[in-house]
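> fold the following and give me the result.
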Amino acid sequence: MKVFAIIPAAGKGSRSGNSIPKQYIKFKGKELIAYTLELFQKNKNIDEIIIPADLDYFDLLNKIKKKYNLSKVQKILRGGNERQDSVYNALRQIKAEKDDLVLVHDAARPLLPQEVLNDAIDIAKRKGNAVVCIKAGDTLIQGNDTIKKYIDRKEVYYVQTPQIFKYTDLSKAMEQAFVRNFYGTDESMLVKKIGKKIYIVEGSPLNFKITTKSDLRLFSMIIGK
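Predicted coordinates:
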């Protein structure tokens with residue numbers, strides 16, 4: 001059983017307030033996406049890495065691959081307008097058997113702990129899929145300017161990545177979504193729509209997605225800039 005890691009990198013990252021997509025911003029001289037790719041390069045369970053990206057960044061990605069000896073990066077291919085398009089483009093270009101695993105991880109989650117990654121792969125091998133989440137720890141409310149109601153957090157999770165599925169299940173889910181012109185917020189939503197039970201794996205607060213200027217500052221602090 002092989003494990004393919006798809007790292008979508010075609011997003012514009014406009015919420016970070018920078019002139020270039022956040023995944024290519026440098027921290028201590030290294031692009032953000034390089035930190036993420038190294039996580040999967042170092043993991044013994046990962047066989048191949050595929051990066052759907054904007055054509056304008058193909059040259060940079062190839063330089064990053066060479067500079068950091070990212071030998072598992074097998075394909076850098078054209079991404080789509082939406083994340084779902086990018087993942088589907090990658091899915092159609094990998095040579096996978098039906099029971100091989102396909103992992104999708106945000107390029108802007110560079111602090112994924114190896115133990116979380118290993119746990120998720122282990123669960124997916126045994127149960128067919130795995131989605132990394134963290135349990136809500138704060139009080140949850142619903143409202144706009146004022147609080148309308150409080151939400152019981154006992155069964156509430158924040159969904160992270162990686163999300164891992166059997167190749168055959170993710171392919172079927174993607175194909176059906178495009179037939180119906182349905183775009184989900186993540187891969188797990190699509191796979192659940194074809195009737196699959198989705199298994200939760202405990203994530204980590206360190207595995208946050210860098211989206212805003214505050215996230216960029218936090219990441220800089222963590223790595224010691």
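
> what's the helix or strand for Ala130?
Under the criterion of DSSP states H and E, Ala130 resides in strand 129-135.

> what helices or strands is that strand leaning on?
Judged by 3 or more Cβ pairs under 8 Å, 6 or more residues apart in numbering; DSSP states H and E, strand 129-135 is in contact with helix 114-127, strand 157-166, helix 187-193, strand 200-202. Yep, even glycine has a C-beta here, placed from its N, CA and C like the rest.

> Ala90: which of the ones you listed is closest?
The closest of those to Ala90 is helix 187-193. By Cβ to Cβ, the value is 11.5 Å.

> can you name the farthest residue from the center of the protein?
Residue farthest from the centre of the chain, counting by Cα atoms, centre = their mean, is Thr146 at 33.5 Å.

> and stretch 119-127, what's buried?
119-121, 123-125 (16 or more other Cβ atoms under 10 Å).

> check stretch 204-224 too.
Neighbour-count burial for stretch 204-224, counted by 16+ other Cβ under 10 Å, picks out 207-208, 210-211, 215-216, 219.

> re earlier: which ones are touching the residue farthest from the centre of the chain?
Contact partners of Thr146, counting by Cβ atoms under 8 Å, 6 or more residues apart in numbering, are absent.

> what distance do you get for the residue nearest the centre of the chain to Leu32?
By Cα atoms, centre = their mean, the mean C-alpha position of the chain lies nearest to His105, the distance being 1.9 Å. With distances taken as Cβ to Cβ, to the nearest Å, His105 is found 13 Å from Leu32.

> and the strands in this protein?
Using DSSP state E, the strands of the chain run over 3-6, 26-27, 30-31, 48-53, 73-78, 101-104, 129-135, 140-143, 147-151, 157-166, 200-202.

> can you list the buried residues in the strand holding Ala130?
129-134.

> which ones are touching Phe4?
47-50, 94, 96, 100-103, 167.

> mind saving the C-alpha coords of the strand holding Ala130 as PDB?
Provided in PDB are the C-alpha atoms of strand 129-135 (Å, rounded to 0.1, in the frame of the first residue of the first chain):
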ATOM      1  CA  ASN A 129      -9.800   7.000   6.100                       C
ATOM      2  CA  ALA A 130      -8.700   9.500   8.700                       C
ATOM      3  CA  VAL A 131      -9.300  13.300   9.300                       C
ATOM      4  CA  VAL A 132      -7.100  15.200  11.700                       C
ATOM      5  CA  CYS A 133      -9.200  17.400  14.100                       C
ATOM      6  CA  ILE A 134      -8.800  19.100  17.400                       C
ATOM      7  CA  LYS A 135     -11.600  19.200  20.000                       C
END
